[in-house]
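Visitor: please work out how this folds:
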Amino acid sequence: MASMRVSLPNLLTWGRILLIPLLIVVFYIPDGMLALSGKNLAAALIFTLAALTDWLDGYLARRFNQTTRFGAFLDPVADKLMVTTALVILVWLDRVGIFVAAIIIGRELAISALREWMAIIGESRGVAVSYIGKLKTGAQMVAIILLFLFEPIYFIPTYILGTALVYIAVVLTVWSMFYYIKKASLILAGNNE
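Guide: Sure, this is the predicted structure:
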């Protein structure tokens, strides 16, 4: 059995996965120990840390040539677990509509399945992350952080901005899904000629 290479990027990805239970537990702390505003701030900070490690692990892997097949598999899994968990919590807190969460989570599952299928047939490069996919991820991450903060910070209406940004993320989510499906369809059509 091949050994799994331990690297800082992979450790950061595992760390992001380990933040998921912490994100959940924050909202189960009794109100007498931590008020809702404290829970909101803690969740926003945990999610921000996760988002930063997402960027950092990719940067370090490329910068120091520590990319691995395992890391390429684990990184998107960690991202999807973190985003899905955050959206479920935000639905539970009544800060995001279930329809919005279903679109985002459904797209993540569909595109993950598409990428897996394309990898099986040796065409994974055809559905590599695109610019629109990166925009979608950025919009989702910032929206989730703002929605966790919830209460205005000075004159910044975090909930209103977060809500607007999550709807922008939904549009980008659907757009990027059709973009990847179209790319995959063109590749498959070319292979069948």
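
Visitor: for residue 32, grab the count of nearby residues.
Guide: 6 (other Cβ atoms under 10 Å). (Each C-beta comes from the backbone N, C-alpha and C, glycine too.)

Visitor: you'd agree it is in a helix?
Guide: No - assigned with DSSP: H, G, I helix; E, B strand; the rest coil, residue 32 falls outside any helix and is coil.

Visitor: how close does it sit to residue 150?
Guide: According to Cβ to Cβ, to the nearest Å, residue 32 stands 20 Å off from residue 150.

Visitor: and the gap between the residue nearest to residue 162 when sequence neighbours are not counted and residue 159?
Guide: Counting by Cβ to Cβ, 6 or more residues apart in numbering, the nearest residue to residue 162 once its immediate chain neighbours are dropped is residue 146, at 3.1 Å. Taking Cβ to Cβ as the measure, residue 146 falls 7 Å from residue 159.

Visitor: more neighbours: which of the two?
Guide: residue 146 (23 against 16).

Visitor: tell me how far that one lies from residue 47.
Guide: From residue 146 over to residue 47 (counting by Cβ to Cβ), the distance is 10 Å.

Visitor: for residue 151, same thing?
Guide: 16 Å.

Visitor: same thing with residue 78?
Guide: 13 Å.

Visitor: same deal with residue 137?
Guide: 13 Å.

Visitor: do you have the strands of this structure handy? List them.
Guide: Counting by DSSP state E, the chain has no strands at all.

Visitor: show me the shaky parts of it.
Guide: 1-5, 126, 191-193 (pLDDT under 70).

Visitor: name the single longest helix found in it.
Guide: Scanning the chain for the longest helix, with DSSP state H as the assignment, gives helix 158-191.

Visitor: what helices and strands are in contact with that one?
Guide: The contact analysis (3 or more Cβ pairs under 8 Å, 6 or more residues apart in numbering; DSSP states H and E) places helix 158-191 against helix 98-120, helix 131-149.

Visitor: in CSV, list those helices along with distance to residue 64.
Guide: Shown next, in CSV, are those (distance: least, Cβ to Cβ, whole Å):
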stretch, distance to residue 64
helix 98-120, 24
helix 131-149, 21
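
Visitor: quick check: phi and psi at residue 152.
Guide: The phi/psi pair for residue 152 (degrees, to the nearest 10) reads phi -60, psi 140.

Visitor: count the neighbours of the residue nearest to residue 61 when sequence neighbours are not counted for me.
Guide: Among residues not flanking residue 61 along the chain, residue 9 sits closest, at 4.0 Å (Cβ to Cβ, 6+ apart). Using other Cβ under 10 Å, the number of residues around residue 9 comes to 23.

Visitor: verify the stated contact: residue 9 with residue 66.
Guide: Yes - counting by Cβ atoms under 8 Å, residue 66 is a contact partner of residue 9 at 5.4 Å.

Visitor: quick one: common contacting residues for the two?
Guide: Residues touching both residue 9 and residue 66 by Cβ atoms under 8 Å, 6 or more residues apart in numbering: residue 60.
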